[in-house]
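Q: Please work out how this folds:
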Amino acid sequence: MSETHASALPDHRVCEQARLSRDARFDGLFFTAVTSTKIYCRPVCPAPAPKPQNVRYYANAAAAEAAGFRPCLRCRPELAPGNDQWQRGDHVVARALKLIEGGMLTEQSLDALAARVGVGARQLRRLFVDRVGAPPISVHTTRRLLFAKQLLTETALPVTEVALASGFRSLRRFNAAFAQANRIAPRELRRHPRPTPPGLLTLRLGYRPPYDFEALLGFLRTRALPGVEHVDEHSYARVFGPADAPGWLQLRAWPDGGHALQLQLHCPQPGRLLGVVTTLRRMFDLDANPQAIADTFRHDAVLGPLLARRPGLRLPGGWDGFEIAVRAILGQQISVAAARTLATRIVQRWGEPLATSPMPGLQRLFPTPAALADADLREIGLTTTRAATVRGMAQALLDGRVDFRSEQSLDAFVARWVALPGIGEWTAHYMAMRALSEPDAFPAADLILRRVATTDALPLSTKALTACAEAWRPWRAYAVIHLWRGASDAAPPARTPAATRARGRKPALPA
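A: Numbering: from 1, shown residues only. Predicted structure coming up:
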């Protein structure tokens, strides 16, 4: 194992302690491989601890499989949270990993992936082996096969559809790849499929504790768009396209209180399953490492007390980049409720209606950029300037002047978006936070942030807050969520119309 690859692992003593104590905080941050059995496990595996001399540690599942180990059938490595450490920063490997997670190698070649990140295929392979412990194709294949293993174990989906769902176009190739990685054929693993209603899948989506699902639902609930999504105190539900074969999903806490969410999903197109799960993992920030964030905030005078109050806050993402962009523009300098009202009108006027409602109350898709590029948005209450900004942004997406490519750097993303009329730094950083789940995005001009980040009567200047936030890198977006939540927790409830009007004069939390 190279020195670079080894450095991605926690300290050996930390791995040993986490393995022996089955510490869920390290789930997915490393894997334990046992040379005597040729099996690799999660650190939370309930099996008896192997002899220390037989243990090897790997920073990811692909590296363990590249070394000849197969996944444990008991602790099921496919259920481990991801490790977002690999995708942080602007390094070639980080950008390539984001593209692999987005499914690029399912449709395109390694040469195309390498060209996208600006290197040759041989150099990209060398960088991956050095830093990740496995070449790009192995990382891609391991990801697909672990997802297939979860589908085979938790659902009654036919093996042919499992192959399609995990990105294999040939059943023969899927069977061969699965048997090679797992030393067992897919149909042998499927001896006792779980009974489920036709077309309905139930999957377990793991995370590392602590995880404040209630707070994340609260953030999404105040912004939920009627007809497109529904958020109550216990779950998030949404409909998604295409309109002629819509799917739906519902996400809630896992019933037994384990470190996981329960996803119920109806997806008529098997090939979209992995993409839907990937989107949800990003949207609900399931792969974050709360320990790393806490290490940065714990001793900070501003964020330390907020972290102690809510240690499991996560970064709430969005389902679709264009939807987040529209809502960010609508929310400029108005309240969350007002922005939601305008967004609801847009959905009702230009959203595509579904022929049949897959869930009660969910009957429309959010409009496409093409639908809004020429729309007269003034008819639903937007000012002329704001309407022009939304239309211009939609057209810029259609023209390719801006996009939501996951591999671009935060600085490049912001620079391209602020070049559009009506899009400032605040809006661009807010979009980066929610559409890209960029952990270091920071809308420094936000008045709530500038007020909560100081004990003085006057808010900090944007420049002063930016300087203060340098100590919060690379997790400034999480600092934003803590500060917004701190402002919300400190706000007194409005019990009378007069109080409501008084609160309305205060700066509102962003849409």
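Q: and the helix or strand encompassing residue 188, which residues are buried?
A: With secondary structure defined by DSSP states H and E, residue 188 is part of helix 186-189. Neighbour counts using 16 or more other Cβ atoms under 10 Å place 186, 189 of helix 186-189 among the buried residues. (Each C-beta comes from the backbone N, C-alpha and C, glycine too.)
Q: Need the contact partners of it.
A: Residues outside helix 186-189 that contact it (Cβ atoms under 8 Å, 6 or more residues apart in numbering) are 73, 148, 149, 152, 153, 159, 162, 174, 175, 178, 179, 182.
Q: C-alpha coordinates for the host helix or strand of the fifth one, CSV please?
A: Pointing back at residue 153 there. Element membership for residue 153, per DSSP H and E: helix 136-154. These are the backbone C-alpha positions of helix 136-154, laid out as CSV (Å, rounded to 0.1, in the frame of the first residue of the first chain):
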residue,chain,number,x,y,z
PRO,A,136,-11.2,4.0,-11.8
ILE,A,137,-13.0,1.0,-13.4
SER,A,138,-12.7,-1.0,-10.2
VAL,A,139,-14.1,1.8,-8.2
HIS,A,140,-17.0,2.1,-10.7
THR,A,141,-17.6,-1.7,-10.7
THR,A,142,-17.4,-2.1,-6.9
ARG,A,143,-20.0,0.7,-6.5
ARG,A,144,-22.4,-1.0,-9.0
LEU,A,145,-22.0,-4.5,-7.5
LEU,A,146,-22.5,-3.4,-3.9
PHE,A,147,-25.7,-1.7,-5.0
ALA,A,148,-26.8,-4.9,-6.8
LYS,A,149,-26.0,-6.8,-3.6
GLN,A,150,-28.3,-4.6,-1.6
LEU,A,151,-31.1,-4.9,-4.2
LEU,A,152,-30.7,-8.7,-4.2
THR,A,153,-30.8,-8.9,-0.4
GLU,A,154,-33.5,-6.4,0.4
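Q: okay, the contacts of helix 186-189 in TSV with neighbour count, pLDDT and distance to residue 376 next?
A: TSV is the format used below for the contacts of helix 186-189 (neighbours: other Cβ atoms under 10 Å; pLDDT from 0 to 100; distance: Cβ to Cβ, whole Å):
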residue	neighbour count	pLDDT	distance to residue 376
73	13	95	59
148	27	98	47
149	24	97	51
152	23	95	51
153	18	94	51
159	19	95	51
162	24	96	47
174	22	97	49
175	16	97	55
178	26	97	53
179	13	96	58
182	20	95	56
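Q: Of these, which is the nearest to residue 411?
A: When the contacts of helix 186-189 are compared for distance to residue 411 (Cβ to Cβ), residue 148 wins out at 37.3 Å.
Q: domain ranges for the protein?
A: 7-82, 94-189, 203-490 (automatic domain parsing).
Q: Just put the ones you listed in TSV and tack on distance to residue 510.
A: Listed next are these as TSV, based on distance: least, Cβ to Cβ, whole Å:
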stretch	distance to residue 510
domain 7-82	27
domain 94-189	25
domain 203-490	6
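Q: how much space between residue 164 and residue 113?
A: Using Cβ to Cβ, to the nearest Å, we find residue 164 at a distance of 22 Å from residue 113.
Q: so where's the stretch 351-500 of the chain uncertain?
A: Low-confidence segments of the stretch 351-500 of the chain (pLDDT under 70): 491-500.
Q: What segments of it are helices?
A: 369-373, 384-399, 410-418, 425-435, 447-452, 462-468, 476-490, 497-504 (DSSP state H, counting those that start in this stretch).
Q: How about residues contacting the fourth one?
A: Meaning helix 425-435. Outside helix 425-435, the residues within contact range by Cβ under 8 Å, 6+ apart are 315-318, 320-321, 324-325, 328-329, 331-332, 404, 410, 413-414, 417-418, 438, 441-446, 477, 480, 510.
Q: where's that helix relative to the chain centroid, distance-wise?
A: 15 Å (Cα atoms, centre = their mean, to the nearest Å).
Q: in stretch 36-45, what's buried?
A: 39, 40, 41, 42, 43, 44, 45.
Q: Let's have these in JSON lines, adding distance to residue 60.
A: Output for the buried residues of stretch 36-45, formatted as JSON lines (distance: Cβ to Cβ, whole Å):
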{"residue": "39", "distance to residue 60": "16"}
{"residue": "40", "distance to residue 60": "10"}
{"residue": "41", "distance to residue 60": "13"}
{"residue": "42", "distance to residue 60": "12"}
{"residue": "43", "distance to residue 60": "13"}
{"residue": "44", "distance to residue 60": "16"}
{"residue": "45", "distance to residue 60": "16"}
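Q: Name the SS class of the closest residue to residue 249 other than its chain neighbours, please.
A: Computed as Cβ to Cβ, 6 or more residues apart in numbering, the closest residue to residue 249 that is not its neighbour in sequence is residue 265, at 4.7 Å. At residue 265 the chain is in strand, as set by DSSP: H, G, I helix; E, B strand; the rest coil.
Q: Quick check: the gap between residue 265 and residue 202.
A: Counting by Cβ to Cβ - residue 265 and residue 202 are separated by 8 Å.
Q: Compare the two (neighbour count), which wins?
A: Using other Cβ atoms under 10 Å as the criterion, residue 265 and residue 202 rank with residue 265 on top: 20 against 14.
Q: Report the contact partners of the more buried one.
A: Counting by Cβ under 8 Å, 6+ apart, residue 265 makes contact with 200, 201, 202, 203, 247, 248, 249, 250, 273, 276.
Q: count of neighbours near the fourth one?
A: This points to residue 203. Neighbours of residue 203 (other Cβ under 10 Å): 23.
Q: That one pairs with what?
A: residue 263 (DSSP bridges).
Q: For residue 321, which non-adjacent residue is closest in space?
A: Per Cβ to Cβ, 6+ apart, closest to residue 321 is residue 404, 3.3 Å.
Q: In contact with that neighbour, which residues?
A: Contacts of residue 404 (Cβ under 8 Å, 6+ apart): 321, 322, 435, 436.
Q: Excluding sequence neighbours, find me the nearest residue to residue 442.
A: Closest residue to residue 442 apart from its sequence neighbours, by Cβ to Cβ, 6+ apart: residue 476 at 3.9 Å.
Q: how many other residues sit next to the one you found?
A: 24.
Q: Just to check, it is in contact with residue 441?
A: Yes. Counting by Cβ atoms under 8 Å, residue 441 is a contact partner of residue 476 at 6.8 Å.
Q: can you pull up the bridge partners for residue 231?
A: So, taking DSSP bridges as the rule, residue 231 has residue 236 as bridge partners.
Q: That one reaches residue 219, doesn't it?
A: No. Judged on Cβ under 8 Å, residue 231 makes no contact with residue 219 at a distance of 9.2 Å.
Q: What residues does residue 348 make contact with?
A: 227, 364.
Q: before we move on, which element is the nearest residue to residue 103 once chain neighbours are set aside in?
A: Excluding its sequence neighbours, the residue lying closest to residue 103 (Cβ to Cβ, 6+ apart) is residue 275, at 6.2 Å. Using DSSP H and E, residue 275 sits within helix 273-283.
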